[in-house]
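*Asks:* Here is a sequence with its predicted model. Questions after.
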Amino acid sequence: MVYRIGPAWAISLEQLEASLQAMRFVECGLTQEKSVGWVEPRGEANGPLVESIGGQWLLKLMLESKAVPGSVITRKTKERAAQIEAATGRKPGKKKSKSSRKRPNWNCCRWPLPSRARCRCG
């Protein structure tokens, strides 16, 4: 992605670097579903979070989210429906099944699979 900064921009490179340090990327924790933050544009450890090359400022935003595989969600949804049927004597409706399928459930999988995306700005 490329963004153009307007002429009224009054922040220096050093001020932006200091601001981005507070929003540095940290990997998802065990119970955290999503993590967003800034990383080094060139991928160098402990490098600057914003670089100026030929008058252009380069930044990189990192997104990480944990996803439970679809097959696990389907299996757990069917198990939950069977439990509801055994407890109440009737099958859960489509609305109930759909809502339990959409709801993130970290109990479905011991270790949800993290996926990362990077967005280069500059």
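*Replies:* Received the coordinates, thanks.

*Asks:* Show me the strands in the chain, by range?
*Replies:* 34-39, 51-53, 56-67, 113-121 (DSSP state E).

*Asks:* Count the residues that sit near Gly29.
*Replies:* 9 (other CB atoms under 10 Å). For glycine as for every other residue, the C-beta is placed from the backbone atoms N, C-alpha and C.

*Asks:* got it, and the one 10 residues further on?
*Replies:* The local packing count at Val39 equals 19, with neighbours defined by other CB under 10 Å.

*Asks:* cool, Ser65 as well?
*Replies:* Neighbour count of Ser65, defined by other CB under 10 Å: 16.

*Asks:* So it sits against Glu27, correct?
*Replies:* No - taking contacts as CB atoms under 8 Å, Ser65 lies outside contact range of Glu27: 11.3 Å.

*Asks:* Which residue of this structure lies farthest from its centroid?
*Replies:* Residue farthest from the centre of the chain, counting by CA atoms, centre = their mean, is Gly89 at 39.4 Å.

*Asks:* Got phi/psi on that residue?
*Replies:* phi 80, psi 10 (degrees, to the nearest 10).

*Asks:* separation between it and Ala82?
*Replies:* Distance, Gly89 to Ala82, by CB to CB, to the nearest Å: 12 Å.

*Asks:* And Arg75, by the same measure?
*Replies:* Shown here: Arg75 relative to Ala82, a distance of 11 Å by CB to CB.

*Asks:* do Leu20 as well
*Replies:* Applying CB to CB to Leu20 and Ala82 gives a distance of 49 Å.

*Asks:* Which residue of these two possesses the greater neighbour count?
*Replies:* Leu20 (17 against 12).

*Asks:* how about the nearest residue to the more buried one, chain neighbours excluded?
*Replies:* Leu49 (4.2 Å; CB to CB, 6 or more residues apart in numbering).
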